[in-house]
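S.K.: fold the following.
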Amino acid sequence: MSQKNETTVLVLALLITLGLVSGVYWWLTRSFDISNGYIINNQSQSNLQSGDKNFDSVQEVPSGLFSYGGSTTWAPIRKQVDSQIKTALPKYQLRYTNPITGAPGSGTGIKMLLKNQLDFSQSSRAIKDKEYQKAQQRGFKLEEIPVAIDGIAIAVNPNLRIRGLTLAQLKKIYTGKITNWQQVGGKNLPIKPYSRISEGGTVEFFVNNILENKEFGTNVQNISTTTEALRKVAQNAGGIYYASAPEVVGQCGIKPLPVGRTLSKLVPPYKEPYIKPTECPRKRNQINVDAFRNDEYPMTRRLFVIVKRNGQIQEKAGVAYANLLLTERGQKLISQAGFVRIR
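M.R.: Okay, the predicted model is just below:
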């Protein structure tokens, strides 16, 4: 082959190589955002942007600083969702407000809303008739807007060996009728039940729906926080506690217990197979989403945004907050916070 032909072949090979490299680089820049030494998947970036647009699609979001408060069950949502709302809509400023006296909770939040101390509130229970009446006496209406599904989970010591509990057995345990685990298929061990002391929606839900408005037994020990109660259950072989499922199911030091209306139909609040505490935190139990959504799990409830219908900016702030949570982006973030999406 002549030198001229060899040169031509080399030039063609170089051009082909450059073309291939340029094509690969073009594809990478289409699929990834390469800048400042970082490679960011454009699909992920697109999801974030579409999420922001999803928030932006909500109409009539007012500008200003708005106080809200209420349910402690909502804490994971406040952490996961509200911070992103603030980022996407900086003129819509949110401030969680604790009560001046007493503990925060659904009931406390509604009281503060009635007293004009909040613009809207978060609740893990429905509005009571007497709360509707108080609002009417003050010249406005209250509205509850459901935005998520939650459930009550039962926490026991990991060494407790029972299949689960029925709702009737739970009622007897917390009203003092059943006092030993031997009475429900366990070993001879005194039961030590714990409960939160607050006007929280979780306690009210448990009293209304499980205890059927009966009083707690004298053996029930009141605890100020769920964190403290779960620690006590982990340390006490006979301990038992109830709380919002996202606060219980993924914990390493306790065991979430299957619950049923009958012993033949016990439903776990976690996805099976059960992950033992010895595998935690490398693996964690996850919420049994399907059982919560189809109401197979017997202790489910709704989480509500409580709105003050007074035709003023407080109403707009509350409605906007509910609508933001009901967007696709809001529902995804609610799911990431450990709750079950309602849409």
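
S.K.: pretty sure Gly185 is in contact with Arg163, am I right?
M.R.: Yes: using Cβ atoms under 8 Å, Gly185 is in contact with Arg163, at 6.8 Å. C-beta here means a position set from N, CA and C on the backbone, and glycine is covered the same way.

S.K.: sec struct for Ser198, please.
M.R.: Of the three states, Ser198 takes coil under DSSP: H, G, I helix; E, B strand; the rest coil.

S.K.: tell me the spacing between it and Gly102.
M.R.: For Ser198, the distance to Gly102 equals 8 Å [Cβ to Cβ, to the nearest Å].

S.K.: hey, what's in contact with both of those two?
M.R.: Thr108 (Cβ atoms under 8 Å, 6 or more residues apart in numbering).

S.K.: more crowded one of those two?
M.R.: Neighbour count, other Cβ atoms under 10 Å: between Ser198 and Gly102, Ser198 has more, with 21 against 12.

S.K.: so what's the more buried one up against?
M.R.: Counting by Cβ under 8 Å, 6+ apart, Ser198 makes contact with Thr72, Gly102, Ala103, Pro104, Gly105, Thr108.

S.K.: what is the burial count for the fourth one?
M.R.: So the one you mean is Pro104. 22.

S.K.: also Pro99?
M.R.: By other Cβ under 10 Å, 18 other residues sit near Pro99.

S.K.: the strand ranked longest in the chain: how far from the chain's middle?
M.R.: Longest strand in the chain by number of residues (criterion: DSSP state E): strand 141-156. On the basis of Cα atoms, centre = their mean, to the nearest Å, strand 141-156 sits 9 Å off its chain's mean C-alpha point.

S.K.: make 743 the first number, not 1, from now on.
M.R.: Okay, residue one is now 743; in that scheme the one you just asked about reads as strand 883-898.

S.K.: buried residues, that strand. List them.
M.R.: 884-898 (16 or more other Cβ atoms under 10 Å).

S.K.: what about the helices in this structure?
M.R.: 745-773, 784-798, 817-819, 825-830, 848-856, 871-879, 909-916, 943-947, 968-977, 987-990, 1031-1035, 1055-1067, 1070-1078 (DSSP state H).

S.K.: state the mean pLDDT of the longest one.
M.R.: In this model, helix 745-773 has a mean pLDDT of 45.

S.K.: same check on the fourth one?
M.R.: Regarding helix 825-830, the rounded mean pLDDT is 92.

S.K.: any idea how far the residue nearest the centre of the chain is from Arg1035?
M.R.: Residue closest to the average C-alpha location in the chain (Cα atoms, centre = their mean): Phe1081, at 3.8 Å. From Phe1081 over to Arg1035 the distance is 11 Å, taken as Cβ to Cβ.

S.K.: please enumerate the shared neighbours of these two.
M.R.: Ile891.

S.K.: shaky segments in the protein?
M.R.: Under the criterion pLDDT under 70, the flagged ranges of the chain are 743-795.

S.K.: Thr969: neighbour count?
M.R.: For Thr969, the count of nearby residues is 12 (other Cβ under 10 Å).

S.K.: hang on, Leu902 packs against Lys997?
M.R.: Yes: between Leu902 and Lys997 a contact is recorded at 6.7 Å, counting by Cβ under 8 Å.

S.K.: which one's more surrounded, those two?
M.R.: Neighbour count, other Cβ under 10 Å: between Leu902 and Lys997, Lys997 has more, with 22 against 19.

S.K.: can you put the contacts of Ser940 in a markdown table and add distance to Thr917?
M.R.: Shown next, in a markdown table, are the contacts of Ser940 (distance: Cβ to Cβ, whole Å):
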| residue | distance to Thr917 |
| --- | --- |
| Thr814 | 24 |
| Gly844 | 25 |
| Ala845 | 23 |
| Pro846 | 27 |
| Gly847 | 22 |
| Thr850 | 25 |
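
S.K.: these: which two are farthest apart?
M.R.: Farthest apart among those by Cβ to Cβ are Thr814 and Gly844. That separation is 12.4 Å.

S.K.: and for Lys913, the neighbour number?
M.R.: By other Cβ under 10 Å, the burial measure for Lys913, its neighbour count, is 18.

S.K.: and for Glu1070?
M.R.: Neighbour tally, Glu1070, other Cβ under 10 Å: 14.

S.K.: burial count for the spatially closest residue to it that is not a sequence neighbour?
M.R.: In this structure, Glu1070 finds its nearest non-sequential neighbour in Asn796, 5.4 Å apart by Cβ to Cβ, 6 or more residues apart in numbering. Neighbour count for Asn796, taken as other Cβ under 10 Å: 17.

S.K.: same question, Gln1056
M.R.: If we define neighbours as other Cβ under 10 Å, then Gln1056 has 21 of them.

S.K.: repeat for Gln864
M.R.: The number of residues packed near Gln864 is 29, by other Cβ under 10 Å.

S.K.: Arg1044 versus that one, what's the distance?
M.R.: 12 Å.

S.K.: same question, Asn978
M.R.: Taking Cβ to Cβ, one finds Asn978 at 32 Å from Arg1044.

S.K.: now Val1082
M.R.: To Arg1044, Val1082 is 10 Å away according to Cβ to Cβ.

S.K.: kind regards, and thank you for your time.
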